[in-house]
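K.L.:
give me the fold of what follows.
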Amino acid sequence: MAADSVRERANAKLNLTLRVFPVGGDGYHDLESLMVEVAELWDDVTVRRSGRRSVYNRGLEQELPQEHNLAWKALDALEAEVGERLPPVAVEIHKRIPSQAGLGGGSSDAAATLRAIDALLGLELGAQRLERVAASVGSDVPFFVRGGCQLARGRGERLSPASCPELQLAIVTPPIRLSTAAVYRAFDRLPSPEGEAALYRNDLWPAALAEAPRLGEVARALRSRGARNTFLCGSGSTLAGLFADTSTAKAAAAAISPSARLAQAVRVSATAH
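P.N.:
Numbering: from 1, shown residues only. Here you go, the predicted model:
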């Protein structure tokens, strides 16, 4: 008997490195990033058979408009891949990952939607085809289809298996929302960064700081509570602090939590799937 619904976890991600190259002739930036899933922070995505297509955000308690959500775009891209109209489904997203935070929540929701509908309808597309569909939805979506730890190149769609060390982190999302487009515009106005890619280096940090100077306060707060290093997640506004142990990371997150949209201690240790 066919299932009526499929539920998938949509994990957040961290960019342990993010190198951004000058804008190309196509108007886009190539990048190189070591990306890793964060299994301790996730959205729940449930896809159900339905009489009409819909995408509902349980955190906002509202149906999302078509033009503003990647899950809807993922359904369109899946139909383009199979070459026919698919049975309508209702997608329900229970949000925990903050938006405009650099943690990839929207992209992860889209990837989870692709995995769920593939399973629900028995499409059996396989990883390669799902990643191809994902690449047409957004730059980070192929990573979330594959998961684990990956070195991403190009616009993020060229993935190579990688591994990362075990890290004890506190991730903090302040009450600041950063538009990715605005951060990249600021990046283009600033001098080009120099040097090789390195762990915890994010080329977008000066641009994000220019757009939201209060991010500097968050970085200082993490360091004052014992962070050995801090780094920007994606295009922000989340910052991660690297700590020596779990208890110190938890104490830092608890201290900062009242003034943040999210403050959580996480442990990251992953190899590619």
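
K.L.:
please state the backbone phi and psi of the closest residue to residue 21 other than its chain neighbours?
P.N.:
Excluding its sequence neighbours, the residue lying closest to residue 21 (C-beta to C-beta, 6 or more residues apart in numbering) is residue 30, at 4.5 Å. Any C-beta I mention is one placed from the backbone N, CA and C, and that applies to glycine too. For residue 30, the backbone dihedrals (degrees, to the nearest 10) come out as phi -80, psi 150.

K.L.:
and the one 10 residues further on, by the same measure?
P.N.:
Geometry field for residue 40 lists phi and psi as phi -90, psi 0, criterion degrees, to the nearest 10.

K.L.:
any idea how far the closest residue to it other than its chain neighbours is from residue 145?
P.N.:
Once flanking residues are discounted, residue 40 sits nearest to residue 266: 4.5 Å by C-beta to C-beta, 6+ apart. Computed as C-beta to C-beta, to the nearest Å, the residue 266 to residue 145 distance reads 22 Å.

K.L.:
check residue 200 too.
P.N.:
For residue 200, the distance to residue 145 - C-beta to C-beta - is 26 Å.

K.L.:
ok, those two, which is more surrounded?
P.N.:
Shown here are residue 200 and residue 145; by other C-beta atoms under 10 Å, residue 145 has more neighbours (26 against 17).

K.L.:
my guess is the more buried one contacts residue 127. True?
P.N.:
Yes. Counting by C-beta atoms under 8 Å, residue 145 does reach residue 127; the two are 7.0 Å apart.

K.L.:
neighbours of residue 60, how many?
P.N.:
There are 11 residues near residue 60, going by other C-beta under 10 Å.

K.L.:
with adjacent residues omitted, what lies nearest to it?
P.N.:
Spatial nearest neighbour of residue 60, excluding adjacent residues (C-beta to C-beta, 6+ apart): residue 95 at 7.3 Å.

K.L.:
quick one: the one you found and residue 59 touch, right?
P.N.:
Yes. Here residue 95 reaches residue 59: they are 3.4 Å apart, a contact under C-beta under 8 Å.

K.L.:
which of the two has more neighbours?
P.N.:
Counted by other C-beta under 10 Å, residue 95 and residue 59 do not tie: residue 95 has more neighbours, with 18 against 13.

K.L.:
measure the more buried one to residue 107 for me?
P.N.:
Distance from residue 95 to residue 107, by C-beta to C-beta: 13 Å.

K.L.:
picking that back up, chain center to the helix or strand hosting the residue nearest to residue 40, what's the gap?
P.N.:
In the assignment (DSSP states H and E), residue 266 maps to strand 262-268. With C-alpha atoms, centre = their mean, to the nearest Å as the basis, strand 262-268 stands 14 Å off its chain's centre.

K.L.:
show me the contact partners of it.
P.N.:
For strand 262-268, the external contacting residues (C-beta atoms under 8 Å, 6 or more residues apart in numbering) are 14, 36, 38, 40-41, 98, 101, 164, 166-173, 238, 243, 246, 249-250, 252-254, 256-257.

K.L.:
nearest residue to the middle of the protein?
P.N.:
With distances taken as C-alpha atoms, centre = their mean, the residue of the chain nearest its centroid is residue 104 (1.4 Å).

K.L.:
and the nearest residue to that one once chain neighbours are set aside, which of the three is it?
P.N.:
Once flanking residues are discounted, residue 104 sits nearest to residue 13: 4.3 Å by C-beta to C-beta, 6+ apart. Under DSSP: H, G, I helix; E, B strand; the rest coil, the three-state class of residue 13 is strand.
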